[in-house]
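sequence first, predicted model second:
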Amino acid sequence: MLVGDSGVGKTCLLVRFKDGAFLAGTFISTVGIDFRNKVLDVDGMKVKLQIWDTAGQERFRSVTQAYYRDAHALLLLYDVTNKASFDNIQAWLTEIQEHAQHNVVLMLLGNKVDSAQEHVVKREDGEKLAKEYGLPFMETSAKTGLNVDLAFLAIAKELKQRTMKASSEPHFRLHEYVKREGRGAFCCRP
Ligand SMILES: Nc1nc2c(ncn2[C@@H]2O[C@H](COP(=O)(O)OP(=O)(O)OP(=O)(O)O)[C@@H](O)[C@H]2O)c(=O)[nH]1
């Protein structure tokens with residue numbers, strides 16, 4: 001499930017992952033909740049992800065809250081060009097604590113890292129907050145695709161591991177994987 005303030009890029013991140021495209025132009029805010037499926041090949045096994053895209057607007061909060069309970073994983077987004085969206089992350093975490101399962105897989109993403117606008121939220125700020133809450137963290141761009149597939153693949157790998165009872169495969173470590181595989185934003189700035 002994708003959560004975070006309105007306009008941080010949740011729908012665009014999902015469309016980039018699902019269709020490999022970017023929704024440029026007019027911003028059409030999500031109404032309530034929507035979902036898309038995608039089947040991923042995770043180390044030779046097919047994993048079907050059902051990804052719920054929530055509306056960030058406050059007025060839909062009671063609708064989206066009802067979906068937390070059934071979520072196995074949450075991608076919590078802020079926009080690196082929007083300080084308020086970053087400041088609101090703590091409120092989102094409180095909401096997650098109240099409504100989601102205690103062992104939900106959670107990842108923090110700083111989106112729009114391609115943007116020519118000033119990055120008012122620095123990478124270090126995101127890293128610090130993620131460390132404080134023990135969350136895996138990456139900067140992403142729905143526009144260029146930076147780290148988008150990786151974020152969903154990492155979640156799929158973690159979920160696969162959790163559902164496999166006795167696996168002979170080496171233990172998957174989400175934090176380490178994301179840290180090792182995540183690409184820096186410098187490669188994609190215009
Ligand atoms: N430059 C840049 N713009 C982006 C990116 N992701 C989204 N946007 C733009 O940001 C605006 C909002 O994107 P959405 O994906 O609709 O935002 P949302 O979080 O789903 O918003 P709600 O549905 O209201 O919760 C759109 O105009 C997008 O084109 C990105 O990675 N880079």
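Looks like it arrived, so ask away.

hmm, who's touching the helix or strand hosting K160?
If you go by DSSP states H and E, K160 is part of helix 148-163. Under the criterion CB atoms under 8 Å, 6 or more residues apart in numbering, residues 13, 16-17, 38, 40, 42-43, 45, 47, 49, 51, 72-73, 75, 105, 107, 109, 136, 138, 140-142, 167, 169, 171-172, 174, 177-178, 181-183 lie in contact with helix 148-163. All C-beta atoms are positioned from the backbone trio N, CA, C, and that covers glycine.

and if you look at stretch 50-62?
Stretch 50-62 has contacts (CB under 8 Å, 6+ apart) with 1-8, 10-11, 14, 17-18, 29-38, 63-64, 67, 71, 95, 152.

low-confidence ranges, this protein, go.
For the chain, applying pLDDT under 70 flags the ranges 165-168, 186-190.

what are the boundaries of the helices in it?
Per DSSP state H, the chain carries helices over the ranges 10-19, 61-68, 83-87, 89-99, 123-133, 148-163, 174-181.

what about the shortest one, distance to the chain center?
So that's helix 83-87. With CA atoms, centre = their mean, to the nearest Å as the basis, helix 83-87 stands 16 Å off its chain's centre.

by contact count, what packs against it?
strand 73-79, helix 123-133 (3 or more CB pairs under 8 Å, 6 or more residues apart in numbering; DSSP states H and E).
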